[in-house]
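Engineer: Could you look at this predicted model? Sequence included:
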2 protein chains.
Amino acid sequence: MRNLLLTMRFDGSAYHGWQVQKNAVTVQETLQDAIEKALGRRENVTGCSRTDAGVHANMYCCNFRTESKKGCETVVRALNAWLPRDIGVYDCREAPEDFHARYSCVSKEYRYVIWNSPYKNPFYQNRALHLKAPLLDADMLNEEAARFVGTFDYKAFASTGHSVVDTVRTVTACRVERLGDEVIFTVRADGFLYNMVRIMAGTLLDAARGGIAGGEIRDIILSGDRGRAGATAQACGLYLNRVNYEL
Amino acid sequence: MRNLLLTMRFDGSAYHGWQVQKNAVTVQETLQDAIEKALGRRENVTGCSRTDAGVHANMYCCNFRTESKKGCETVVRALNAWLPRDIGVYDCREAPEDFHARYSCVSKEYRYVIWNSPYKNPFYQNRALHLKAPLLDADMLNEEAARFVGTFDYKAFASTGHSVVDTVRTVTACRVERLGDEVIFTVRADGFLYNMVRIMAGTLLDAARGGIAGGEIRDIILSGDRGRAGATAQACGLYLNRVNYEL
């Protein structure tokens, strides 16, 4: 039985996240539909992470087992022919038998994109948080973001209702940069808690508004108190940007 | 009577170009609808250029005369409230009485964006030409693009049916660059003929495919023969990127 690793991009605007749900269209379900049409048999796909409704991916990995004899390039072409235009597969490769898109993942990188202007940007409909004001000081936010780096219990940055027991994660890079009217928050870690990046982004926005003091981020992490971190920033600004495996 | 200069962005996917047509929705008509709702009176808007169906603008300028006493910032906010999400106004200023968005324009810059990958990109639906193959050599194309710079009769690069008599234009900058899988062709001139940028892009694509020889671009310009230039590249890759006035 082959174990195929697919890599894709998707614009999540039209989907209720990755994972199959009873009454809503998801990326996983849409991909499984395409696999059934392309390979003649429905297969269960394992994703590298759950994503929320409206979240996007520049890189998303998943794997599935198949008896199909089709070559990897043919699988990519056939899937793209059956997938809607907002989901695109760009790589397919043979993975080891025990490869698991979630458990085998060694690190991930997310981006949170903010369109920081009083005026709307038609090219960012559903693809960035539109923050009219204040004008963000990216250098200041970049200094604050650096305080997220390290190995900590991040439970102050997880939405309640998550089922994870171990909330310790290692953040290896965290930065904020400005490109014109666009402000981009990038964070890399060995794993993320439920809504972690969106709460980190919301906390940085609080810092920008003066709602929390400079340097307070480390205290909030150590407090473990979700109530002290910022609000969960809108889903539309979030992109899964990179998924890393040791293959 | 005030003469207001508006600057905006639009995603042209849903529109049949800028100019009002009898039986199709256009950007001009949509903007005039918004002006009527925002300022209480329908005004005729003059655009900086016609654009084809599906063409986008990172910067598009237009002007209109109005008796409205509303401040410029209020006009921007009111228009954005009435405009659909794919059109966004980001500046409004008082222009001299004789200002004309088209005739007062001293130069414009266009971009032609190519997604150059065997795999589709969901974020470029209708927003770039998808060229699966060949892999473009941006350095070679950049050398070819330089041959467009100068003052020439560009009638070989105008679609037939144009009504312009003087087809001499001055191209002041023309370059091709690659950013990952994206290839961007940028051209600046004092003015453009009908479909000129799309035909220039199509000709560069011919050069990439070996359909025309290196250095032949200058000969094609001098020949004045539309038949020797390339096909008109798809509208979806084209962006009006900058409009310059001496104000």
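Structural biologist: That came through, no problem. Numbers count the residues shown, from 1 in each chain, chains lettered A, B, ... in the order given.

Engineer: near chain B, anything from stretch A:33-43?
Structural biologist: No. Contact of stretch A:33-43 with chain B (Cβ under 8 Å from any Cβ of the partner chain) is absent, the minimum separation being 12.9 Å. Any C-beta I mention is one placed from the backbone N, CA and C, and that applies to glycine too.

Engineer: what does chain A have sitting close to chain B?
Structural biologist: Within chain A, the positions near chain B by Cβ under 8 Å from any Cβ are A:9-11, A:56, A:58, A:76, A:80, A:85-91, A:117-123, A:125, A:127.

Engineer: Now which of these would you call buried?
Structural biologist: Taking 16 or more other Cβ atoms under 10 Å in any protein chain shown as the criterion, what is buried in these is A:9-11, A:56, A:58, A:76, A:80, A:86-90, A:117, A:119-123, A:125, A:127.

Engineer: What residues does residue A:148 make contact with?
Structural biologist: By Cβ atoms under 8 Å, 6 or more residues apart in numbering or on different chains, the contact set of residue A:148 is A:171, A:174, A:187, A:200, A:217, A:221.

Engineer: Now do the contacts for the fourth one.
Structural biologist: Right, the one you point to is residue A:200. A:112, A:148, A:157, A:174, A:185, A:187, A:229.

Engineer: Neighbour-wise, which one of those residues leads?
Structural biologist: Highest neighbour count within the contacts of residue A:200, by other Cβ atoms under 10 Å in any protein chain shown: residue A:157, with 30 neighbours.

Engineer: Quick check: that residue touching residue A:221?
Structural biologist: Yes. Between residue A:157 and residue A:221 there is a contact under Cβ atoms under 8 Å: 7.3 Å.

Engineer: Redo the contacts of residue A:200 as a markdown table? Include pLDDT, distance to residue A:136 and secondary structure.
Structural biologist: Compiled in a markdown table, the contacts of residue A:200 are given as follows (pLDDT from 0 to 100; distance: Cβ to Cβ, whole Å; DSSP: H, G, I helix; E, B strand; the rest coil):
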| residue | pLDDT | distance to residue A:136 | secondary structure |
| --- | --- | --- | --- |
| A:112 | 98 | 12 | strand |
| A:148 | 97 | 17 | coil |
| A:157 | 96 | 20 | helix |
| A:174 | 97 | 16 | strand |
| A:185 | 98 | 10 | strand |
| A:187 | 98 | 16 | strand |
| A:229 | 95 | 18 | coil |
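
Engineer: From the chain's centroid, how far away is the helix or strand hosting residue A:35?
Structural biologist: Using DSSP states H and E, residue A:35 falls within helix A:27-39. Between the centre of helix A:27-39 and the centre of its chain there are 21 Å (Cα atoms, centre = their mean, to the nearest Å).

Engineer: Following element in sequence after it, please.
Structural biologist: Helix A:27-39 is succeeded, C-terminally, by strand A:46-47 (DSSP H and E).

Engineer: distance between the ends of stretch A:224-232?
Structural biologist: In stretch A:224-232, first residue to last residue: 16 Å (Cα to Cα, to the nearest Å).

Engineer: Would you indicate which residues of it are buried?
Structural biologist: Buried, per 16+ other Cβ under 10 Å, within stretch A:224-232: A:224, A:226, A:228, A:229, A:230, A:232.

Engineer: Between those, which sits nearest chain B?
Structural biologist: residue A:232 (23.1 Å; Cβ to the nearest Cβ).

Engineer: Do you know the pLDDT at the closest one?
Structural biologist: Looking at residue A:232, its pLDDT is 96.

Engineer: ok, back up a step: tell me the one of the contacts of residue A:200 nearest residue B:35?
Structural biologist: The closest of the contacts of residue A:200 to residue B:35 turns out to be residue A:112 (Cβ to Cβ; 35.4 Å).

Engineer: quick one: contacts for the residue located most distally from the centre of chain A?
Structural biologist: Farthest-out residue of chain A from its mean C-alpha position, per Cα atoms, centre = their mean: residue A:69, at 31.6 Å. If you count contacts by Cβ under 8 Å, 6+ apart, residue A:69 has none.

Engineer: Is it in a helix, a strand, or coil?
Structural biologist: Secondary structure state of residue A:69, per DSSP: H, G, I helix; E, B strand; the rest coil, is coil.

Engineer: Tell me the spacing between it and residue B:49.
Structural biologist: In this view, residue A:69 and residue B:49 are 54 Å apart by Cβ to Cβ, to the nearest Å.

Engineer: how near is residue A:237 to chain B?
Structural biologist: 14 Å (Cβ to the nearest Cβ, to the nearest Å).

Engineer: Quick check: closest non-adjacent residue to that residue.
Structural biologist: The shortest distance from residue A:237 to any non-neighbouring residue, by Cβ to Cβ, 6 or more residues apart in numbering or on different chains, is to residue A:129 (3.7 Å).

Engineer: Run through the bridge partners of that neighbour.
Structural biologist: Following DSSP bridges, residue A:129 is listed with bridge partners residue A:114.

Engineer: doesn't residue A:111 make contact with it?
Structural biologist: No. If you go by Cβ under 8 Å, residue A:129 and residue A:111 don't touch, sitting 11.6 Å apart.

Engineer: ok so, going back, between the contacts of residue A:148, which is nearest chain B?
Structural biologist: Chain B has its nearest neighbour among the contacts of residue A:148 in residue A:187, at 20.3 Å by Cβ to the nearest Cβ.

Engineer: Looking at the buried residues of stretch A:224-232, which one is closest to residue B:96?
Structural biologist: Using Cβ to Cβ, residue A:230 is the member of the buried residues of stretch A:224-232 that sits closest to residue B:96, with 47.2 Å.

Engineer: circling back to that earlier point, and residue A:129 and residue A:111? Which one has more around it.
Structural biologist: residue A:129 (22 against 18).

Engineer: before we move on, back to that, among the buried residues of stretch A:224-232, list the two that are farthest apart in space.
Structural biologist: A:224 and A:232 (17.1 Å).

Engineer: how about whatever helix or strand residue A:73 lives in: buried residues?
Structural biologist: Using DSSP H and E, residue A:73 sits in helix A:72-82. Neighbour counts over helix A:72-82 (16+ other Cβ under 10 Å) mark A:75, A:76, A:77, A:78, A:79, A:80, A:82 as buried.

Engineer: can I get those in JSON lines with pLDDT?
Structural biologist: Below are the buried residues of helix A:72-82 laid out as JSON lines (pLDDT from 0 to 100):
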{"residue": "A:75", "pLDDT": "97"}
{"residue": "A:76", "pLDDT": "97"}
{"residue": "A:77", "pLDDT": "96"}
{"residue": "A:78", "pLDDT": "97"}
{"residue": "A:79", "pLDDT": "97"}
{"residue": "A:80", "pLDDT": "96"}
{"residue": "A:82", "pLDDT": "97"}
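
Engineer: Regarding stretch A:158-175, how distant is the last residue from the first?
Structural biologist: 20 Å.

Engineer: What residues of it count as buried?
Structural biologist: Under 16+ other Cβ under 10 Å, the buried positions of stretch A:158-175 are A:158, A:167, A:169, A:171, A:174, A:175.
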